[in-house]
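Asks: structure, please.
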Amino acid sequence: MKNQRTRLFILTALAILTNGFSLLGYGHGSVGAVAKNIECNHNIGRSILTDRALKSLSGNPPTGRELQLPAAFDMSSLVCCHSHLA
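Replies: Coordinates of the predicted model:
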């Protein structure tokens, strides 16, 4: 019985810690507000990285490498079926 009471107190304490600020009217300290803050910081960081990557590519010409298919997908490697493909 004592073990269940300890679990109840722990769950109650966690519920108060996670929702207590919201219930008291201090929304900036609630778990939802903290999660939104973390998500916002993540999105800002991702946007900064994307912006820096695009700025480094904006003035540079293409590398000149053409896309080449592997030999398995190269049409000239299909000698036996060449008449059917043309």
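Asks: after the helix or strand hosting residue 4 comes which helix or strand?
Replies: Per DSSP states H and E, residue 4 falls inside helix 2-24. Of the helices and strands lying after helix 2-24 in sequence (DSSP H and E), the nearest is helix 31-58.
Asks: buried set for that following helix?
Replies: The neighbour-count check on helix 31-58 (16 or more other CB atoms under 10 Å) flags nothing as buried. For every residue, glycine as well, the C-beta is placed using N, CA and C.
Asks: can you name every helix or strand that it contacts?
Replies: Counting contacts by 3 or more CB pairs under 8 Å, 6 or more residues apart in numbering; DSSP states H and E, helix 31-58 packs against helix 2-24.
Asks: between the helix it packs on and helix 31-58, how big is the angle?
Replies: Compare the direction of helix 2-24 with that of helix 31-58 by axes from the mean of the first three to the mean of the last three CA atoms, to 10 degrees and you get 70 degrees.
Asks: and helix 2-24, what's buried?
Replies: Within helix 2-24, the residues scored as buried using 16+ other CB under 10 Å are residue 21.
Asks: got the CA positions of that helix in PDB?
Replies: Provided in PDB are the C-alpha atoms of helix 2-24 (Å, rounded to 0.1, in the frame of the first residue of the first chain):
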ATOM      1  CA  LYS A   2       2.900   2.400   0.800                       C
ATOM      2  CA  ASN A   3       4.400   1.800  -2.600                       C
ATOM      3  CA  GLN A   4       1.100   2.800  -4.300                       C
ATOM      4  CA  ARG A   5       1.000   6.000  -2.200                       C
ATOM      5  CA  THR A   6       4.500   6.900  -3.200                       C
ATOM      6  CA  ARG A   7       3.600   6.400  -6.900                       C
ATOM      7  CA  LEU A   8       0.600   8.600  -6.400                       C
ATOM      8  CA  PHE A   9       2.600  11.300  -4.900                       C
ATOM      9  CA  ILE A  10       5.200  11.100  -7.700                       C
ATOM     10  CA  LEU A  11       2.500  11.300 -10.400                       C
ATOM     11  CA  THR A  12       0.800  14.200  -8.600                       C
ATOM     12  CA  ALA A  13       4.100  16.100  -8.300                       C
ATOM     13  CA  LEU A  14       4.900  15.500 -12.000                       C
ATOM     14  CA  ALA A  15       1.400  16.700 -13.000                       C
ATOM     15  CA  ILE A  16       1.800  19.800 -10.900                       C
ATOM     16  CA  LEU A  17       5.200  20.500 -12.400                       C
ATOM     17  CA  THR A  18       4.000  20.100 -15.900                       C
ATOM     18  CA  ASN A  19       0.700  21.800 -15.700                       C
ATOM     19  CA  GLY A  20       1.000  24.000 -12.600                       C
ATOM     20  CA  PHE A  21       2.200  27.100 -14.400                       C
ATOM     21  CA  SER A  22      -0.600  26.900 -16.900                       C
ATOM     22  CA  LEU A  23      -3.200  26.400 -14.100                       C
ATOM     23  CA  LEU A  24      -1.800  29.400 -12.200                       C
END
